[in-house]
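Trainee: A predicted structure for the sequence below; I have some questions about it.
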Amino acid sequence: MTTTDFTRPWVPAELEAAIEERAAHYRGLGSDALEREVHELLARHEQYMDRECLSLYAGTNVLNPRAARLMGASVGSRPSLGYPGAKYEMGMQHAEQLEIIAAELLKELFGCAYAEFRVGSGSLANLYAYMACAKPGDRIMAFADSAAGHVTHHQAGAAGLYGLEIHDVPYDAARMSIDVAGLRAAAERIRPKLIIVAGSMCLFPYPVAEARAVADAVGAYLMYDAAHMSGLIAGGAFQQPLAEGAHLMTSSTYKSFGGPPSGMILTNEPELARRLDAIAYPGLTANFDLGKTAALIVAMLDLREFGRAYARTCIANAQALAAALAERGCPVHAVAGRGYTESQHVAIHAQAYGGGTAAARVLERANILTSGIELPLPPVPGDFNALRLGTQEITRWGMQPADMPRVAELIARVLVAGEAPERVQPDVVALRRGFQQLHFVRQ
């Protein structure tokens with residue numbers, strides 16, 4: 001087998017060179033060798049990520065192994081087009097029941113009337129929401145980058161690709177919340193079709209009811225992006241966006257939710273549900289992976305049984321971690337009168353470390369996984385100005401608030417004391433060795 005090489009001038013040269021080096025290696029392997037390589041890479045990844053790392057990356061979680069096994073079911077390769085009971089394909093009378101179960105569990109967990117889960121990701125869920133609420137050329141309002149807004153709300157993401165005109169939601173940096181008076185004034189001037197609340201970091205609940213009043217006054221829909229928060233919302237430990245007035249809520253199904261990689265859209269509005277249904281089929285989704293749907297069902301049963309305890313522990317861990325980091329000299333972001341966090345998220349100012357991504361790369365060498373984020377702080381040229389942590393995965397591995405000082409000490413040794421991360425790494429692996437059993441999952 002031969003492959004013609006094409007350079008990609010839009011990719012940084014050093015990355016393109018490294019990718020090409022690996023591509024050349026793979027091009028030289030036969031089929032058996034390539035399959036062995038796949039198994040070896042996955043085994044190494046699992047050992048590293050699931051056994052040897054402290055995963056504090058806010059956008060991940062570990063999947064119940066029983067759910068993971070269902071993703072390999074043969075139903076995953078079968079197309080499933082149309083409503084249960086009226087499929088375009090024959091022979092789906094058993095598998096199509098999974099769609100009904102998934103929808104009913106979502107409605108139960110979130111107290112909503114309509115649930116669309118035939119969506120490949122949270123980003124695609126946002127695109128579906130844009131298509132249901134607006135048309136190309138319409139104006140929307142969303143959190144800016146500096147308020148941890150998500151790329152799908154912006155020009156480079158789904159909103160821009162769909163052709164929407166995007167304006168910032170006024171933000172109260174001192175309270176890490178929406179500037180409601182500013183939103184009202186801006187919305188009256190802009191007349192958006194859609195107002196988006198939340199993004200890639202939510203330290204505190206947002207004033208959804210007040211934002212809904214603004215949306216109603218200008219004839220806009222209100223959308224809550226719960227990509228990071230849906231597990232806590234399902235567990236009743238964070239705000240309830242639909243009950244508080246959001247017309248629709250989008251989300252990923254992994255992150256704090258703890259399911260397989262997919263997306264969902266929830267609403268109590270029949271007309272929005274009708275539009276979303278048509279977008280999903282016969283529109284953009286058409287076929288979807290029912291093996292993944294089965295895995296999602298098992299993940300939702302975990303939340304049904306343990307969601308409240310899990311969500312409360314995520315928040316308690318984040319609060320304990322933030323306090324322990326601050327005690328050790330880390331510049332943890334705090335809000336006067338509100339503290340460090342009321343969610344699973346923690347933010348650290350990263351200016352002293354060269355930026356959020358720079359800090360994350362140093363911590364990665366110690367097997368501590370995090371990421372950068374942009375907050376309303378002084379900028380760091382060429383990088384994010386904050387470091388984002390999330391406690392959802394270490395909570396699933398059984399860590400409790402009493403364990404957070406040990407986690408904070410390892411982080412502080414790298415960031416505050418400047419210890420070589422390679423010297424800290426064995427202590428991270430030793431700590432992880434004591435947390436190898438999943439919690440908040442049905443056995």
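Mentor: It's in.
Trainee: residues near the residue lying closest to residue 115 once chain neighbours are set aside, how many?
Mentor: Excluding the flanking residues, the one nearest residue 115 by Cβ to Cβ, 6 or more residues apart in numbering is residue 106, at 3.7 Å. (C-beta placed from N, C-alpha, C; glycine too.) Using other Cβ atoms under 10 Å, residue 106 is surrounded by 24 other residues.
Trainee: so what's residue 106 up against?
Mentor: For residue 106, the residues meeting the contact criterion (Cβ atoms under 8 Å, 6 or more residues apart in numbering) are 112, 115, 117, 264, 266, 300.
Trainee: again, only this time at 7 Å
Mentor: By Cβ atoms under 7 Å, 6 or more residues apart in numbering, the residues touching residue 106 are 115, 117, 264, 266.
Trainee: which SSE is the second one in?
Mentor: Per DSSP states H and E: residue 117 is located in strand 114-119.
Trainee: Am I right that residue 265 sits in a helix?
Mentor: No - with DSSP: H, G, I helix; E, B strand; the rest coil as the criterion, residue 265 is strand rather than part of a helix.
Trainee: Residue 416 reaches residue 329, doesn't it?
Mentor: Yes - here residue 416 reaches residue 329: they are 4.3 Å apart, a contact under Cβ atoms under 7 Å.
Trainee: Of the two, which one has the most company?
Mentor: Using other Cβ under 10 Å, the more surrounded residue of residue 416 and residue 329 is residue 416, with 17 against 11.
Trainee: Please report how far that one lies from residue 93.
Mentor: With distances taken as Cβ to Cβ, to the nearest Å, residue 416 is found 61 Å from residue 93.
Trainee: The stretch 151-300 of the chain: helices as residue ranges?
Mentor: 158-161, 180-190, 208-218, 230-234, 241-244, 270-278, 290-327 (DSSP state H, counting those that start in this stretch).
Trainee: The first one: which residues count as buried?
Mentor: Of the residues in helix 158-161, those scored as buried under the neighbour-count criterion (16 or more other Cβ atoms under 10 Å) are 158-159.
Trainee: same question, the third one
Mentor: The neighbour-count criterion (16+ other Cβ under 10 Å) identifies 208, 210-212, 214-215, 218 as the buried residues of helix 208-218.
Trainee: secondary structure element for the residue nearest to residue 115?
Mentor: Per DSSP H and E, residue 106 falls inside helix 97-110.
Trainee: gap between that helix and the chain center?
Mentor: 21 Å (Cα atoms, centre = their mean, to the nearest Å).
Trainee: wait, residue 124 sits on residue 264?
Mentor: No - with contact defined as Cβ under 7 Å, residue 124 does not reach residue 264; the gap is 10.3 Å.
Trainee: which residues does the nearest residue to residue 379 once chain neighbours are set aside contact?
Mentor: Nearest residue to residue 379 in three dimensions, chain neighbours excluded: residue 385, at 5.7 Å (Cβ to Cβ, 6+ apart). Contacts for residue 385 were tallied using Cβ under 7 Å, 6+ apart; they are 350-351, 355-356, 374-375, 377-379.
Trainee: Only the buried subset of those residues, as a PyMOL command please.
Mentor: To isolate the buried subset of the contacts of residue 385 in PyMOL, counting by 16+ other Cβ under 10 Å, use the following:
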select buried, resi 350+351+355+356+374+375+377
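Trainee: From the contacts of residue 385, pick the one nearest residue 38.
Mentor: residue 356 (32.2 Å; Cβ to Cβ).
Trainee: quick one: contacts for that closest one?
Mentor: Residues near residue 356 by Cβ under 7 Å, 6+ apart: 350, 372-373, 383-387.
Trainee: which element is the nearest residue to it once chain neighbours are set aside on?
Mentor: Residue nearest to residue 356 in three dimensions, not counting chain neighbours: residue 372, with 2.5 Å by Cβ to Cβ, 6+ apart. Take DSSP H and E as the rule and residue 372 turns out to sit in strand 371-373.
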